[in-house]
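Trainee: Next one to model:
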Amino acid sequence: MWTALLVILGIAVLAVFVVIGMYNGLVTSRNRFKNAFAQIDVQLKRRYDLIPNLVETAKGYMAHERDTLEAVITARSAASNARGPAAANPDDPKAMQSLVAAEAGLSGALGKLFALSEGYPDLKANQNMLALQEELTSTENKIAFARQAYNDSVLNYNNKRESVPTNIIAGMFNFLPATMFEVTEEKEREPVQVSFN
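Mentor: As a prediction, this is how the structure comes out:
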């Protein structure tokens, strides 16, 4: 009788350790994707800080393109506002979807600005504009790498969250699915052109 009781107690203790291990694995995965988003957030902030300088530089040359310049500023503001809730809670699907949509709008506005700037040779030769172009290109590359790391972390977390038997623990402790940071429309997949040559 004591042997049976010890076996049952041993199985119960083992089950507790397995549950603790699965829970800790989910927490670790969730923290990894939140950290990965923090890396995106740093680069997005840098990008948003560059845009006013870019617009100010272009403003002197592109006086007749006021609507385009205002569209860039408006899109930057919308993206910056969407960044806050997403940074505060990257596992909130609505916040991530809002950020993705705002980033798509900003990329579209920047693309239009760069396309129009091709018609202004003095702007293309401006040293400040060339420096901003280089910084923006570098930042866009860093954002792309950070997005890839974030999406990899989200995939790992979601796989762990949906796998049996971890999915039972995820459901018990309300581990919600994470949202990838990806473009949703085909036209958003086109790269922002930042060439002033």
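
Trainee: Run the chain-centre distance for the worst-scoring helix or strand of the chain on mean pLDDT.
Mentor: Here the helix or strand of the chain ranked lowest by mean pLDDT, DSSP states H and E is helix 121-125, holding a mean of 82. Mean-position distance between helix 121-125 and its chain equals 32 Å (Cα atoms, centre = their mean, to the nearest Å).

Trainee: what comes up buried for the next helix or strand after it?
Mentor: Reading on from helix 121-125 to the C-terminus, the next helix or strand found by DSSP states H and E is helix 127-162. Neighbour-count burial for helix 127-162 flags 129, 132-133, 135-136, 139-140, 142-143, 146-147, 149-151, 153-154, 156-158, 160-161 (criterion: 16 or more other Cβ atoms under 10 Å). Where C-beta positions appear, they are placed from N, C-alpha and C, glycine not excepted.

Trainee: quick one, helices of this protein?
Mentor: 2-59, 66-88, 93-117, 121-125, 127-162, 166-172 (DSSP state H).

Trainee: Alpha carbons only: can I get the fourth one in PDB?
Mentor: This points to helix 121-125. Taking C-alpha atoms only, helix 121-125 is exported to PDB below (Å, rounded to 0.1, in the frame of the first residue of the first chain):
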ATOM      1  CA  PRO A 121      18.000  67.400 -59.700                       C
ATOM      2  CA  ASP A 122      19.100  70.000 -57.100                       C
ATOM      3  CA  LEU A 123      17.400  67.900 -54.400                       C
ATOM      4  CA  LYS A 124      19.100  64.700 -55.600                       C
ATOM      5  CA  ALA A 125      22.500  66.400 -55.300                       C
END
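
Trainee: Just to check, residue 156 is in contact with residue 29?
Mentor: Yes: judged on Cβ atoms under 8 Å, residue 156 makes contact with residue 29 at a distance of 5.7 Å.

Trainee: per-residue confidence averaged over stretch 80-93?
Mentor: For stretch 80-93, the mean pLDDT works out to 93.

Trainee: typo on my end, it should be stretch 33-42
Mentor: 95.

Trainee: And for stretch 58-75?
Mentor: Here the average pLDDT along stretch 58-75 is 88.

Trainee: Kindly report the same for stretch 136-148.
Mentor: 94.

Trainee: How about residues contacting that stretch?
Mentor: By Cβ atoms under 8 Å, 6 or more residues apart in numbering, the surrounding residues in contact with stretch 136-148 are 36, 39-40, 42-44, 46-47, 50, 54, 181-182, 191-192, 194.

Trainee: joint contacts of residue 156 and residue 29?
Mentor: Common contacts of residue 156 and residue 29 (Cβ under 8 Å, 6+ apart): none found.

Trainee: Determine which two of the contacts of stretch 136-148 are furthest apart.
Mentor: Greatest spatial distance among these (Cβ to Cβ): 36 and 54, at 27.0 Å.

Trainee: Over to residue 175: give its phi and psi.
Mentor: Taking degrees, to the nearest 10, you get phi -80, psi 110 for the backbone angles of residue 175.
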